[in-house]
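Chemist: The following block contains a protein sequence and its predicted model.
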Amino acid sequence: MAGELRDVADQLAAADNVRVVILTGTGRRAFCAGADLTEFGSAPSLVVARQVRWQRDVWSQMIGIDKPVIAAVHGYCIGSGLEIALLCDIRIAAEDTVFAMPEVGLGMIPAAGGTQTLPRNSRPSQALDLLLTGRRFSAEEALKMGLVTRISPANRLREDALEVACQLGDVDPGTISNLKRALREGCDMPLNDGLELETRLVILSSSN
């Protein structure tokens, strides 16, 4: 699946006729229930299994997509599923979604960005709670922590995601691309450097 996501991310990055991306799961059971642990168990070693996943590097590709990416999350959103959602720009969760980050209890550290994206969207203490305990939590709690940005009734999830996508599709793509860059790069800069970046991008957007 990670390999297929990488191929799709490459196509999306190069597709001028795509304005907005919606990432969701098929069926009713899950957005993504996490990594297939049998893949790790059947590999020559845990290290080799992790190296294969890193070589695919779909995670940095998703971050680099300059179009708005909406995650429409439902059912189980576990482990890598939550990590994938956190790489998206807007995260809409069905009200019955169940979240968890169980890797530590399985003797692993999250390998799809969870140690970095969780504390960047919630407080570090909350991220540690979720990562260390692996406990399950609801969409309402995820919203309060900032891990999702909206909650939708389960029977309206896709319609609500499409409505947001239509709104974003009317916005100038260059403006969105520069706005995403300002946040992506500026949040890790000192404030003065971030403000300078914003100024440069405002000028760039105005000249397009």
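Modeler: Thanks, I have the structure now.
Chemist: Compute the distance between T97 and C32, please.
Modeler: Taking C-beta to C-beta, to the nearest Å as the measure, T97 falls 11 Å from C32. C-betas here are computed from N, CA, C, even on glycine.
Chemist: same deal with L118?
Modeler: 16 Å.
Chemist: These two: which has the busier surroundings?
Modeler: L118 (25 against 22; other C-beta atoms under 10 Å).
Chemist: what about that one, which SS state?
Modeler: Following DSSP: H, G, I helix; E, B strand; the rest coil, the label given to L118 is helix.
Chemist: ok, it - contacts?
Modeler: Residues near L118 by C-beta atoms under 8 Å, 6 or more residues apart in numbering: L86, M101, Q126, A127, L130, L131, L147.
Chemist: The same query, at a cut-off of 10 Å, please.
Modeler: If you count contacts by C-beta atoms under 10 Å, 6 or more residues apart in numbering, L118 has them with 82-83, 86, 101, 110, 124, 126-131, 145-147.
Chemist: okay, and the common contacts of T97 and C32?
Modeler: Common contacts of T97 and C32, defined by C-beta under 10 Å, 6+ apart, comprise V73, G75, Y76, C77, G81, L82, A85.
Chemist: Go ahead and report the secondary structure state at the fourth one.
Modeler: For C77, the secondary-structure state derived from three-state DSSP is strand.
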